[in-house]
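>>> sequence-free structure coming up:
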């Protein structure tokens, strides 16, 4: 079984003065503006790194929910923040790291088991498997 989802980007102009928009097949994003200023100057709008972070956080958290279920556990709450690091290198820019910061409430789980299952989700989540970047995780059960 293959599931295909799509997104599109449109751009006009040069790198610094140009403007673009990003849309998703589902319509969750529809002509969302992005540009040099939203990526490198912290102006309002989106950028590829935060979209990658959102995709990774969502995929990882959903994978963890499945893995918890396989272990006979159900989360009351799972909250994941993905921090994507974009670094300037000699050859341009690269995404070098993604850190997943997870906070969870899982009745019946202890910290050791929670970390074990979260690591399994980090390694097995389909979005994690896309990246050559180092992916780290902090899992806090509370």
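Looks like it came in fine. All of these numbers come straight from a predicted model, not from anything done at the bench. Numbering: from 1, shown residues only.
>>> Where is the longest helix in the protein?
What stands out as the longest helix in the chain, according to DSSP state H, is helix 48-70.
>>> Tell me the first helix or strand C-terminal of that helix.
Following helix 48-70 in sequence order, the next helix or strand is strand 77-89 (DSSP states H and E).
>>> Could you pull out the buried residues of whichever helix or strand comes after that following strand?
Downstream of strand 77-89, the next assigned helix or strand under DSSP H and E is strand 92-105. Neighbour-count burial for strand 92-105, counted by 16 or more other C-beta atoms under 10 Å, picks out 95, 98, 100, 102, 104. (Each C-beta comes from the backbone N, C-alpha and C, glycine too.)
>>> Residue most distant from the centroid, the chain?
residue 13 (28.3 Å; C-alpha atoms, centre = their mean).
>>> Next up, the contacts around the closest residue to that residue other than its chain neighbours.
Excluding its sequence neighbours, the residue lying closest to residue 13 (C-beta to C-beta, 6 or more residues apart in numbering) is residue 19, at 6.1 Å. By C-beta atoms under 8 Å, 6 or more residues apart in numbering, the contact set of residue 19 is 11-13, 33, 35.
>>> filter these to the buried ones?
residue 35.
>>> about what we covered before: ok, what's across the strand from the residue nearest to residue 13?
Applying DSSP bridges to residue 19 yields these beta-bridge partners: residue 12.
>>> what about stretch 24-31, start to end distance?
End-to-end distance for stretch 24-31, by C-alpha to C-alpha, to the nearest Å: 9 Å.
>>> about what we covered before: quick one, phi psi at the residue farthest from the centre of the chain?
phi 100, psi -180 (degrees, to the nearest 10).
>>> For it, give its distance to residue 82.
30 Å (C-beta to C-beta, to the nearest Å).
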